[in-house]
Structures are given as structure tokens and as C-alpha cells.
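Novice: Fold the following and give me the result.
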Amino acid sequence: MAYDPKTGKGLGRFYDADHRAFKFREWKGLKDTLYDYGRWMYLYCFMAAKLGPYAPQMVKGMLRYRWLVPYLTAANMVDRHTIGQRGKELQYSHKQFFSVLHHSVIKVKEIMQRDANLNGNSKKAEALRNNTVMFDEMTPSLIMMGFPTLDWIDIAMMSVGMPSEVDQNSCVYYIDAIEHFGLAPDVCPEPATECGVAVTDDYPRVGKCYVTSSMPCDGAVQQTALMTRYLKGVDIFQITPPQRINEPEVQEYAVKNLKKAIKFIEDEMGVKWDWDAFWKNAEMYNQMAECMIEKWDVNATDYPQVCGAALALQREFEFMGAACMDKYMLKTDLEVTKMMHKGYEHDSKLGVNKPKYRCIVWACPAHYYTNFANWADLCWGVRCVNDMEAMLSYLPITIGDKEQALKDLARCYERMMMRSHTNGGYVNLLDELWKMCDRFNVNIVIMYDHVSCRNVGGLHGLFEDEARKRGIHLIWVPHDVMDPRTVSRREMRDAFNKYMINVFREEPLDPTLLDYEDNLSW
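Specialist: Modelled structure (predicted):
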């Protein structure tokens, strides 16, 4: 435990109202401090090696795009998620988060190579653009499994999704920009931010065509409509997975829609779908899904290993951003899975590292406070053993059967982030929660209450009634997904603190984490 009751020093002392970064680095003991600092150095050396050759474009990019600057603070994001950790937990987190940042840095490099806004009349950049398909943040790039000769970049993930989780204030400018255009301030900040990036002309021009989807909420549907007007001269295809995703009758439509998307890319890019490449990439997807299931199985025991954001964010970016085709992410999955089994054997044999409380996280999280579950563990001993954002498509893709493989691929799009639980009726959001509580043996749910979302808000009373029947503690934590001005990190912590103090009658493990100011911090 990082808190010293004799001196009163705890992890809260690293935060300061006047500092964006921690006031100083945490001493974790000689071995862990050296490892922690070594990983910090390794991240920045990797960024320098990959982005250094494109220094002129990076400088122009930072002057041109506000969203690019937060990438410089990536190490602070890792620090927020590793504070208070030691030993194998520290290593799990570093490896999981580096795989996410490894992929992000590579994609930033690819943007620098081909962006029309940064490369002027470069023929090389133009050739790269003509070989690249652009994607929306809420549209997995899994369809590119069958196009091995093409590149793809998720322009919204790189300019909205990732920066919002690195720097809590990265979206504020874009939200204000679109509200000045007349958008109501109670709209979900995620599609609002994406629209704000569009109207300020801050999307990179890196591809020949654009693939989006029908997101499971009205705000995102309107965002797609605005993007179709913004991306002038670029042909657009919208993948539209069915709403009633549990019903077998709609799967035929889902496959037809996917085939149309494949045909769109073939016609736009002048290439043909490659089944051999698809089988190879599907094998990689299956391996990654199996690693995820193994993490779940271990976390369902009394000795969970890879927990909190280290579990959820890595799977989110692996599936949504990298489309399960990143070899480095697969390598990391296999390494962490091996470490995890070793860690479980150690803990179960000695009967150590058993969490005080077990919880799962449900509903849409706050992008600006991805380390909330880590804070709950350090302050109250409430360990998050699974997260709704990690529960993306994990069923295998059938190898060798073309029609069944397309059905499996369509299912992946139906079970992508957000859609997997907010579409198909309340059974996927409400009833699924209680199944997960049983599977992971938890009686606490951190229920994220996204104040601008109408989807989950409509089930508020049903959640309360069903939780009461089952004796499950439902702790509602308000937030506004990408706008920390509506509900700050401090206010989120305060909601959780009140429940632990007034209902559980608990004392915090680290009193210095109860209340501190971090509105300015990244």
C-alpha cells in the first residue's frame, strides 16, 4: 500500500492544482522504479525513432491540428494508470498500454506521411493517399482483413478518441466550436467533438474514400450526416449493422450490407478481396479473442490479474483501432497472457493479492477519466475485474467457410464498442449485466451515468429495481464522456466516496486520494 499512516503521505500528494503533470515521480522501490522509468524512456525513444524522420510535418501538424499536441503527453497517461502499482501489476499495465501507444504512434506517422494539409503537392504523399481507406472512430476496420495491399487510417480515432483519453481537455475547443454553430449543449460530447473537428477543418486528408457506420445513437447518426458534407470529393460508404442484433432473421441483411461495403472498396481502390489474406488475419483475430477470454476466466477467480483500464482500453483499441491486425498487439497479448497465468499461480498458491471488493464497470465511460477504476482500487480497495468496454466481439471467425466467415464478420460489427450493449433491446444492456455479475462474482457495479446520453438514462429505474432484488450495489458515477467541465473528475470521485462512506461505512485505504484538485492536469 502506498499510504504511510505514520507520516500521512499518500498518492494524493502527487497531484497539484497548479500542475498538469505529477509534481514528482513515485518511488516504487529500486527495482520497480527502474522498470517504470525505463518504460517511460522507452516510450519516448520509440516516438522519437518513428516520428523524428517526419519532424517538419510534425511541427506543421502541431501548428495546424490542436488534437496532435496531446500525443506529446502520452507518458503522463501511462503514469496515471500505473500510479501505486508494483511488481507484476505494474508490468501488466505498462505492456498493455504500450501496445496501444505503439499502434497510435505508427498511425500518427502514417498521417504525417500522406496528409494533404501537411505535404503540399508531394507526389509520394498523393500516392499513399490513393492507397488508403479512411474510417470513422465507431467503425472497426475489420473489413480490411481481406485487402492486404491497402492501408487504412481511422481519422476520428486518431483526432478525437485517443487524444481525449490522453488529455482531458483536448476536446473542449472542438465542442465549443460546434456549439457556436448552433448545436445544443446537451448533445453527447463524442459526436459533438467529431463535428467540431470537421467544422474547424482539423481532420487530416489521408485517404481516397471513407467508411463509416450507423452508430447506435441519434447524435452519432447526425455526426455521420455532417461528415458526408465535410469530406467533399471523397466517396463514402455507411456500414449499417441491424439494430435487433440477437435475431437470426436480420443476419442475411447484415451479410448483404457487408458485401456491399466490400464491393465499394473494390470499386474505389481498384483491388479485389483476397480470401487467403482474410483467413490469415482471421486467425490473428481468433488468437486475440482467445487471449481476451483467458483474461476473463482468470479475473472470474478469487485472484484477478489484468484489471481496470489495462484490460479495457487495450481491448478497445485492439479491436476498434487496430482491427485485430496489429502483430505487436498480438505479441503483447501472448506475453501478458503467459505472465498472467504465472501471476495467478503465484497468488493462488500463497493466497495473496485477493481484492477487498470486486466490481465491474458498466455503461459508457468518461474518456477524460480512464483511470477512475484504478483510483477506486487505490483509494477504496474496489478492484474492477471487467469492463463493458472490454466485452467486444470475442466469438471466433470460422476459417475456410466463406459464407459463414462473412456472417461471423458481420457479427463482429454488430458487437463492436457501444453497439454490442445499446442495440438489440434492453436484454443486451440490462440482463447482460446480471449475468456478468454472476460470472465474475461481484456485488458492486460502477455504473457510469453519462449525463448527455438518452440510451442508458431511459433504463435508470430498471437498473435500480433489478439491482435491489439481487442485492447488488449500483454506484452511479456521473460524467459527460469528453467534456470535463460538465462533471469534473473530482465530482466523479465525490459521488463514489459518498456511497462508500455512507452505505458501506468504509474508511479509505489512502485518505489523501479522497479529495484533491486535478482539473488542470492532463
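Novice: Could you pull out the strands in this structure for me?
Specialist: 132-135, 151-154, 209-213, 235-239, 357-362, 382-387, 444-450, 473-479 (DSSP state E).
Novice: Now render those as TSV, adding mean neighbour count and mean pLDDT.
Specialist: All C-beta spots, glycine's among them, are computed from the backbone N, C-alpha and C. Listed next are those as TSV, based on neighbours: other CB atoms under 10 Å; pLDDT from 0 to 100:
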stretch	mean neighbour count	mean pLDDT
strand 132-135	24	96
strand 151-154	22	96
strand 209-213	22	91
strand 235-239	18	91
strand 357-362	24	95
strand 382-387	26	95
strand 444-450	23	93
strand 473-479	20	95
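Novice: Which of those sits closest to Pro70?
Specialist: strand 151-154 (16.5 Å; CB to CB).
Novice: Identify all contacting residues around that closest one.
Specialist: By CB atoms under 8 Å, 6 or more residues apart in numbering, the residues outside strand 151-154 that reach it are 107, 110-111, 128, 131-137, 139, 141, 144, 161, 204, 206-207, 320-321, 323.
Novice: go again using 10 Å as the cut-off
Specialist: By CB atoms under 10 Å, 6 or more residues apart in numbering, the list of residues contacting strand 151-154 from outside reads 107-108, 110-111, 113-115, 128-129, 131-141, 143-144, 160-162, 204, 206-207, 211, 265, 317, 320-323, 325.
Novice: Same question for stretch 343-350.
Specialist: Outside stretch 343-350, the residues touching it (CB under 10 Å, 6+ apart) are 87-89, 91-92, 297-299, 301-306, 336, 352-354.
Novice: Show the buried residues in those residues.
Specialist: For these, a burial check counting by 16 or more other CB atoms under 10 Å picks out Lys88, Glu89, Gln91, Tyr92, Val298, Asn299, Tyr303, Pro304, Gln305, Val306, Val336, Asn353.
Novice: May I have the helix or strand of the chain with the lowest mean pLDDT exported as CSV, CA atoms only?
Specialist: Across the helices and strands of the chain, mean confidence by mean pLDDT, DSSP states H and E is lowest for helix 454-457: a mean of 70. Only the C-alpha atoms of helix 454-457 are listed here, as CSV (Å, rounded to 0.1, in the frame of the first residue of the first chain):
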residue,chain,number,x,y,z
ARG,A,454,-30.6,9.2,-23.6
ASN,A,455,-30.0,5.4,-24.2
VAL,A,456,-28.9,4.3,-20.7
GLY,A,457,-30.8,7.0,-19.0
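Novice: what residues does that helix touch?
Specialist: For helix 454-457, with CB under 10 Å, 6+ apart as the criterion, the contacting residues are 186, 188, 216-219, 362-364, 418, 421-423, 429-430, 447-451, 463.
Novice: chain center to that helix: distance?
Specialist: Put simply, helix 454-457 sits 20 Å off its chain's centre (CA atoms, centre = their mean, to the nearest Å).
Novice: can you pull out the helices in the stretch 151-300 of the chain?
Specialist: 155-156, 162-166, 172-180, 189-199, 218-230, 251-269, 275-299 (DSSP state H, counting those that start in this stretch).
Novice: So which other helices or strands are in contact with the shortest one?
Specialist: Counting contacts by 3 or more CB pairs under 10 Å, 6 or more residues apart in numbering; DSSP states H and E, helix 155-156 packs against strand 132-135, helix 189-199, helix 218-230.
Novice: Out of those, flag the one nearest Asp480.
Specialist: Asp480 lies closest to helix 189-199 among the helices and strands packed on helix 155-156, at 5.8 Å (CB to CB).
Novice: ok so, going back, mark which of the contacts of strand 151-154 are buried, thanks.
Specialist: Neighbour counting with 16+ other CB under 10 Å marks 107-108, 110-111, 113-115, 128-129, 131-141, 143-144, 160-162, 204, 206-207, 211, 265, 317, 320-323, 325 as buried within those.
Novice: about what we covered before: which one of the helices and strands packed on helix 155-156 is the most hemmed in?
Specialist: helix 189-199 (a mean of 26; mean count of other CB atoms under 10 Å).
Novice: and it, what does it pack onto?
Specialist: When contacts are defined as 3+ CB pairs under 10 Å, 6+ apart, helix 189-199 sits against helix 155-156, helix 162-166, helix 172-180, helix 218-230.
Novice: rank those helices by pLDDT, which is bottom?
Specialist: For the helices and strands packed on helix 189-199, the weakest mean pLDDT is recorded on helix 218-230, namely a mean of 75.
Novice: can you pull the alpha-carbon coordinates of that one into PDB?
Specialist: Extracted C-alpha coordinates of helix 218-230, given in PDB (Å, rounded to 0.1, in the frame of the first residue of the first chain):
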ATOM      1  CA  ASP A 218     -29.100   9.700 -32.900                       C
ATOM      2  CA  GLY A 219     -26.200  12.100 -32.100                       C
ATOM      3  CA  ALA A 220     -23.700   9.900 -34.000                       C
ATOM      4  CA  VAL A 221     -26.100   9.400 -36.900                       C
ATOM      5  CA  GLN A 222     -26.200  13.200 -37.300                       C
ATOM      6  CA  GLN A 223     -22.400  13.400 -37.000                       C
ATOM      7  CA  THR A 224     -22.200  11.000 -39.900                       C
ATOM      8  CA  ALA A 225     -24.500  13.200 -41.900                       C
ATOM      9  CA  LEU A 226     -22.300  16.200 -41.300                       C
ATOM     10  CA  MET A 227     -19.100  14.300 -42.200                       C
ATOM     11  CA  THR A 228     -20.600  13.400 -45.600                       C
ATOM     12  CA  ARG A 229     -20.900  17.200 -46.300                       C
ATOM     13  CA  TYR A 230     -17.500  17.900 -44.900                       C
END
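Novice: Residues in contact with it: which ones?
Specialist: Residues from elsewhere that reach helix 218-230 (CB under 10 Å, 6+ apart): 136-139, 155-156, 178, 181, 183, 187-195, 197-199, 201, 203, 210, 212-215, 217, 234, 236, 238, 418, 452-455.
Novice: how about a cut-off of 8 Å?
Specialist: 136, 138, 187-188, 190-192, 194-195, 198-199, 203, 210, 212-215, 236, 238, 454.
Novice: Between helix 189-199 and that helix, find me the angle.
Specialist: 10 degrees (axes from the mean of the first three to the mean of the last three CA atoms, to 10 degrees).
Novice: Just the angle for helix 218-230 relative to helix 172-180, thanks.
Specialist: Counting by the same axes, to 10 degrees, helix 218-230 lies at 80 degrees to helix 172-180.
Novice: mind listing what Asp274 touches?
Specialist: Gly146, Phe147, Pro148, Thr149.
Novice: which of those residues count as buried?
Specialist: Applying 16+ other CB under 10 Å to the contacts of Asp274 flags Gly146, Phe147 as buried.
Novice: Adding pLDDT, write the contacts of Asp274 out as JSON lines.
Specialist: Shown next, in JSON lines, are the contacts of Asp274 (pLDDT from 0 to 100):
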{"residue": "Gly146", "pLDDT": "97"}
{"residue": "Phe147", "pLDDT": "97"}
{"residue": "Pro148", "pLDDT": "97"}
{"residue": "Thr149", "pLDDT": "97"}
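Novice: Many thanks, I have nothing further to ask.
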